[in-house]
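In: no sequence on this one, just coordinates:
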């Protein structure tokens, strides 16, 4: 069954936490180290000032994934003008079902409408599933960040991928 994709709403925050927090607890697929609550989810993914788009994927009425796109504005990690940063999360055990691809198509259309020039996906080098996903969506490697410390100090390389075919 194909997922349905729609814009995320504030009342999706708890469901989004239920997707992301197990990924954080398992480790290895996200740079996040601290669990999210609904307030932090709203501030970070659902309604940040830099928001371009945030969508959720549903299967049988349940939120099973989300994808956020925000304008790049981190002064410690400046990206070129017009770039946006993408983050994608799918419920554990449901990868490979087309959920990420369906979310990306909605995000790509939102990026195009907003005038995004390129999307950046910065993925932990020890996250083969994330690297594979972004490559399958058409992202190309453009940079490598070596030994970026996680919040606990653990150094992890990060591979930066870009998507220009907006």
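Out: In hand now; what should we look at? Owing to the predicted nature of the structure, the values given are computational and were not obtained by experimental measurement.
In: which element follows the lengthiest helix in the chain toward the C-terminus?
Out: Longest helix in the chain by number of residues (criterion: DSSP state H): helix 99-114. Later in the chain than helix 99-114, the nearest helix or strand by DSSP states H and E is strand 118-124.
In: Direction included, what does that next one pair against?
Out: strand 83-90 (parallel), strand 155-163 (antiparallel) (DSSP bridges).
In: and among those strands, the most buried is which?
Out: strand 83-90 (a mean of 22; mean count of other CB atoms under 10 Å). Glycine gets a C-beta too; all of them are placed from N, C-alpha and C.
In: Beta-bridge partners for the residue most central in space within the chain, please?
Out: Nearest to the geometric centre of the chain sits residue 87, at 1.1 Å (CA atoms, centre = their mean). Beta-bridge pairing of residue 87 under DSSP bridges involves residue 68.
In: Could you look up the SS state of residue 152?
Out: Assigned by DSSP: H, G, I helix; E, B strand; the rest coil, the conformation of residue 152 is coil.
In: ok, now which ones touch residue 7?
Out: 53-56 (CB atoms under 8 Å, 6 or more residues apart in numbering).
In: want to throw the residues you listed into a markdown table with pLDDT?
Out: Below are these laid out as a markdown table (pLDDT from 0 to 100):
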| residue | pLDDT |
| --- | --- |
| 53 | 98 |
| 54 | 98 |
| 55 | 98 |
| 56 | 98 |
